[in-house]
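J.: got a structure for you, letters missing:
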C-alpha cells in the first residue's frame, strides 16, 4: 500500500513538473514572437519610408532609374517576406527568407546612397535630409529590436534543449526558433545615410 502511494505521489510530481515545463516553453515562445513583432513594426516603418525616399531621389537622379527600381523591387520583396515571417516567427524557412530579403534591401539602399553622393542638389534637399534622418533612426531601432529578439530566441532555444524540458519540447513539437542574424558582413552595418 505504501509503495502504491509513493508511486502515485511520484506520478503526480512528474505530471506537475511536465505542466510547469510546458507552460514555461509557451511563455518563452510567446516572448520571442512578441520580440519579433517589435522588429516587424520597425521593418514596416522602414518599408514605408523607402518609396518617399525614392520619389525624392527621382527628381535628381533621372539617369539612375535602374538603381531606383532595384530599391523599390527589393523593398517589395522584403515586405512580402516580412509578412510571411510575421505569420510564424518560429518558421525557419520564413525567417531565412525575410533575412535574405532584408539583406538585399540593405544592399540596394547602400547603392542608392553611394550614387546620391554624386548629386549635391539631392544631398541638400530638405525632404531628402529628413527622410534619411528618419531612416537612420529606424535602422537603429531595428538593430535594438533584433538584439532583443535574438536574446529571447536564445533563451527559448536553450530552455527547449536542456534536460528534462527537451522531453516535453519534443513531445509537444516545440521547434527551434531561428535567430535574426545578418548573413553577409557587408550587411551587418546599417546603410550609410549621411548627407552632411
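T.: It's in. Remember, predicted model here, so these are calculated numbers, not experimental data.
J.: From here on, just use CA atoms for contacts and neighbour counts.
T.: Noted.
J.: give me the low-pLDDT residue ranges for this structure?
T.: Scanning the chain for pLDDT under 70 picks out the ranges 183-196.
J.: all helices for it, in order.
T.: Taking DSSP state H as the test, the helices found in the chain are 2-58, 65-87, 92-116, 120-124, 126-161, 165-171.
J.: can you tell me which of those comes nearest to residue 181?
T.: Proximity to residue 181, assessed across these by CA to CA, is greatest for helix 92-116 (7.4 Å).
J.: re earlier: need the winner for burial among the helices of the chain.
T.: Mean neighbour count (mean count of other CA atoms under 10 Å) peaks for helix 92-116 among these, with a mean of 20.
J.: what's the angle between that helix and helix 65-87?
T.: 150 degrees (axes from the mean of the first three to the mean of the last three CA atoms, to 10 degrees).
J.: how much distance is there from helix 92-116 to the middle of the chain?
T.: Offset of helix 92-116 from its chain centre (CA atoms, centre = their mean, to the nearest Å): 12 Å.
J.: swap in stretch 132-145?
T.: Worked out by CA atoms, centre = their mean, stretch 132-145 lies 13 Å from the chain centre.
J.: still on that earlier bit, make CSV out of the helices of the chain and add distance to residue 182.
T.: Formatted as CSV, the helices of the chain follow (distance: least, CA to CA, whole Å):
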stretch, distance to residue 182
helix 2-58, 14
helix 65-87, 14
helix 92-116, 7
helix 120-124, 29
helix 126-161, 10
helix 165-171, 27
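J.: For residue 178, find the nearest of those.
T.: The nearest among the helices of the chain, by CA to CA, is helix 92-116 at 5.5 Å.
J.: The closest one versus helix 2-58: what angle between them?
T.: Using the same axes, to 10 degrees: helix 92-116 against helix 2-58 is 20 degrees.
J.: helices or strands next to helix 92-116 in the packing?
T.: helix 65-87 (3 or more CA pairs under 8 Å, 6 or more residues apart in numbering; DSSP states H and E).
J.: what residues does the helix it packs on touch?
T.: For helix 65-87, contacts defined as CA atoms under 8 Å, 6 or more residues apart in numbering pick out 36-37, 40, 43-44, 47, 50-51, 54, 58, 91, 94-95, 97-98, 101-102, 104-105, 108-109, 111-112.
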